[in-house]
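# Pasting the sequence and the predicted model now:
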Amino acid sequence: MMRYGSKTYNNREKAAFTSLTRYGVKVPIQYKPIGNKAHHKYTFHDIKFDSSYDLAYYIWLSDNHIEFEYNPNVQFEYMFDGEIHYYNPDFKVGDKLIELKGRQFFRDKNVNGPMVNPYNHSLDALYEAKHQCMIANKVEIITDCSEYEQYVAETYGKDYIASFRNKKKIWKER
């Protein structure tokens, strides 16, 4: 059933306009003060990270005095199933946009194949549409972060990254 003309019970165009007006971005979670309140797996120097790859790469770039932005204010639109979706790369390093993705996000772990959602295969087509957006916008996809993880382990210890992992909140029923 569609309500108010939307499968998700909201008006995406109006929501995007409101978000642009209030926060300067089309999706509120992309506004750093709001995005920082969302659940993330790691927190390092008050910065939220979604993956150990992101954190290891961030530390490596910082330690090597390479100029970069984490979660840069760069957004691309892409269409999927007749709806507009948005994609933001993980890093901007110099003039390059970088996305870090483990091999599990590619069919049969083949980085030259289509992107998939390893946790919910019903979303595979959406992930591939996002992948095509990355390719069209010349985003470099790094799938092997072992160099950065090894650097962090050798420099700070093998459990350094894990020490920044956020603990899940467990709600007790009353």
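Perfect, thanks for sending it. Nothing here was measured: the structure is a model prediction, and the numbers come from that model.

# Following the helix or strand of the chain with the lowest mean pLDDT in sequence, what is the next regular element?
Least confident element among the helices and strands of the chain, by mean pLDDT, DSSP states H and E: helix 32-35 (a mean of 57). Using DSSP states H and E, the helix or strand that follows helix 32-35 towards the C-terminus is strand 42-44.

# Could you check that following strand and say which residues are buried?
Judged by neighbour count (16 or more other C-beta atoms under 10 Å), strand 42-44 contains these buried residues: 42, 44. Glycine gets a C-beta too; all of them are placed from N, C-alpha and C.

# Can you list the neighbours in contact with that strand?
48-52, 54-55, 58-59, 161, 164-166 (C-beta atoms under 8 Å, 6 or more residues apart in numbering).

# hmm, try it at 6 Å
With contact meaning C-beta atoms under 6 Å, 6 or more residues apart in numbering, strand 42-44 is reached by 49, 55, 164, 165, 166.

# now stretch 125-136
76, 78, 80, 87, 99, 114, 115, 116, 117.

# Widest-spaced pair of the residues you listed?
Maximum pairwise distance among the contacts of stretch 125-136 (C-beta to C-beta): 19.8 Å, between 76 and 116.

# Looking at those two, which one has more neighbours?
Shown here are residue 76 and residue 116; by other C-beta atoms under 10 Å, residue 116 has more neighbours (21 against 16).

# quick one, what contacts the more buried one?
Contacts of residue 116 (C-beta under 6 Å, 6+ apart): 107, 124, 127.

# do that again at 10 Å, thanks
Applying C-beta atoms under 10 Å, 6 or more residues apart in numbering to residue 116 gives the contacts 104-109, 123-128, 131.

# From those, keep the buried residues only.
Buried among these by 16+ other C-beta under 10 Å: 105, 106, 107, 126, 127, 128, 131.
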